[in-house]
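Trainee: Need coordinates for the below:
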Amino acid sequence: MNARSTRKAAASSAEVFTRLRAILETHAARFTVTSDTSSRYCLEGPVGPATLRAWGGKARRSQIPVAWVEIGTSYVSFHLMAIDPVLRGAMSVELEKHMHGKTCFHFTAVDESLFRELEQVAARGIAAFKKAGFVA
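Mentor: From the prediction side, this is the model:
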C-alpha cells in the first residue's frame, strides 16, 4: 500500500468511526463513557441483576461494556453486547453481512442506509439489554 492509499484509508476509517460514534453518543446520557479518543468510544453501564446471576451471584466488576466503536487496522468495528436472536432475525441481509461473531459489525465505508438500520438495532438492543436486567 502506498502513502496515498494509506492516507485515503485512514480518512475513510475516521469518517466511518465518526458516524458510528454518533450512533452511540445518542445513548451516552444513560451510561458512562469510559473511552473517548479519536479511535475508540465506549459506553458502560452498572451491573444489573441478570449479569450478577450469570456470574453466579458474585460481582466481578461494577460496570460492564454495553457498546463501543473502535478503529482497527483495516476496518472500524461496532460492538453491541445487546444483540439477541430476535434482533438478528430482524436485521437486513445487508447488515448481517457486516457481522463478525455474535456482537460485532465491521465497516470500511460509510453506508447511510445500513447505519440508519444499525441505529434502530442499537436502540432496540440497548433498551432490551436494560429491560432484561443486564445493566441497571
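Trainee: Spell out for me which residue occupies the centre of the chain.
Mentor: In the chain, the C-alpha closest to the average C-alpha coordinate belongs to residue 79, at a distance of 3.1 Å (Cα atoms, centre = their mean).
Trainee: Pretty sure residue 71 is one of the things residue 107 touches, is it not?
Mentor: No: here residue 107 does not reach residue 71: they are 10.5 Å apart, not a contact under Cβ atoms under 8 Å. (C-beta placed from N, C-alpha, C; glycine too.)
Trainee: all strands of this structure, in order?
Mentor: Assigned by DSSP state E, the strands in the chain fall at 32-36, 40-46, 63-71, 76-80, 99-100, 104-107.
Trainee: comparing those, which gets the lowest mean pLDDT score?
Mentor: By mean pLDDT, the lowest-scoring of the strands of the chain turns out to be strand 99-100, with a mean of 92.
Trainee: Output the strands of the chain in CSV, with distance to residue 125 appended to each entry.
Mentor: Compiled in CSV, the strands of the chain are given as follows (distance: least, Cβ to Cβ, whole Å):
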stretch, distance to residue 125
strand 32-36, 18
strand 40-46, 12
strand 63-71, 8
strand 76-80, 6
strand 99-100, 13
strand 104-107, 12
